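In: Sharing a model that was predicted from the sequence below.
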Amino acid sequence: MVNSTHVSYFILSAYSDTGVFKPLYFLMILALYVCIIGANVLLIVVICVNRSLHEPMYLFLCSLFVNELYGSTGLFPFLLSQILSDIHTVSAPLCFLQIFCVYSYTGIQFTNLSTMSYDRYLAICYPLQYNTCMTSRKTARLIVLTWLFPFIAILILISLTLSLQLCGNTINKVYCDNFSIVKLACSDTTVNNVYGLFATFFLIMFPVSLTFISYMRILRVCFSGSKQTRQKAVSTCTPHLAALLNASCGSCFEVIQSRFSMKYVPNTLRILLSLYFLTCQPLFTPVLYGLKMSKIRSICKRVLCGEV
């Protein structure tokens, strides 16, 4: 048995020989990465520069866009280098660093969406008390907690994995995955599995549940209010719900693939499902909010047209 600290590298076995299509795949991934960077940076700049957008809702959005940059940067450069390489290996420190980035990105995504739903709940259900409830100090604290809690939770997860004794170093994925490394262990993994379920609950299931509860209360207030109130609530909440649904579906694909045998599913489809959340979500989120929220859309048009 070998301790995980003595494993110098991991082999990513999900890659197949792409042959002449290698440059095409590289250009496709690179184009997607450039689009993600461009869309998220544009919206971050728009929110930071315009004082009219210095409101809690847009600050939470800015935090969401920063997280999209963070998560995609933890994956795309790695994918691009692996596509060009003929030997699909990754050093152990880099592998665990990628696990930290990918997993913390996922946790921040759901906690951020949950915080945004709480903000919309206060704004729509308690409009008169909103400014006193959602102060700038409280907004800053919520953003810090949105990032700090997933960071701490994932650090503990990785530290538990580092203490395992491994009997192999082959991961059947195109990027590093914590559960795949845990399955390589020769030692007892009960603590890892229990904590993994605990982290999944508090970083994904719990925020999703809070988000749905918030929106159920919002809908109840909207249907009992005026037509103008309903229209305003729908235009504000639709992007949040769409982003949550997309993120939940992507995470569900990944959890099912990690926890259950997927040998009957073609390898290409497994790769696409495992990459869906990490590749489509960072582009889907800024495009969705940029198109659906009229205030952001109008300012983006002025920025792109060169107007001051």
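Out: Arrived safely, thanks for sending.

In: Please tell me how far residue 159 sits from residue 99.
Out: 12 Å (CB to CB, to the nearest Å). The C-beta positions use only the backbone N, C-alpha and C, and glycine is treated the same way.

In: got it, and residue 85?
Out: According to CB to CB, residue 85 stands 19 Å off from residue 99.

In: When these two are compared, which one has more neighbours?
Out: Neighbours per residue (other CB atoms under 10 Å) separate residue 85 from residue 99, with residue 99 holding more: 22 against 13.

In: which residues of this structure fall in helices?
Out: Taking DSSP state H to define them, one finds helices in the chain at 22-49, 56-73, 76-84, 92-125, 130-133, 136-162, 178-182, 190-200, 206-223, 227-259, 267-292, 294-304.

In: Could I get the average pLDDT for the fourth one?
Out: When pLDDT is averaged along helix 92-125, the result is 93.

In: Ok, the first one next?
Out: Here the mean pLDDT over helix 22-49 is 90, rounded to a whole number.

In: Just want the angle from that helix to helix 76-84.
Out: Inter-element angle recorded for helix 22-49 and helix 76-84: 170 degrees (by axes from the mean of the first three to the mean of the last three CA atoms, to 10 degrees).

In: Same check on the second one?
Out: If you take the same axes, to 10 degrees, helix 56-73 sits at 20 degrees to helix 76-84.

In: Which strands or helices does helix 56-73 pack on?
Out: Helices and strands touching helix 56-73, by 3 or more CB pairs under 8 Å, 6 or more residues apart in numbering; DSSP states H and E, are helix 22-49, helix 92-125, helix 136-162, helix 267-292.

In: Repeat that for the shortest one.
Out: The helices and strands touching helix 130-133, judged by 3+ CB pairs under 8 Å, 6+ apart, are helix 92-125.

In: List the buried residues for the helix it packs on?
Out: Judged by neighbour count (16 or more other CB atoms under 10 Å), helix 92-125 contains these buried residues: 92, 95-125.

In: try stretch 151-163
Out: Going by neighbour count (16+ other CB under 10 Å), the buried part of stretch 151-163 is 153-154, 157-158, 160-161.

In: Next: stretch 293-300.
Out: 293, 296, 299-300.

In: Export the residues you listed as JSON lines, with columns for distance to residue 267 and pLDDT.
Out: Listed next are the buried residues of stretch 293-300 as JSON lines, based on distance: CB to CB, whole Å; pLDDT from 0 to 100:
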{"residue": "293", "distance to residue 267": "39", "pLDDT": "70"}
{"residue": "296", "distance to residue 267": "40", "pLDDT": "73"}
{"residue": "299", "distance to residue 267": "44", "pLDDT": "73"}
{"residue": "300", "distance to residue 267": "39", "pLDDT": "70"}
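
In: Alright, calling it a day.
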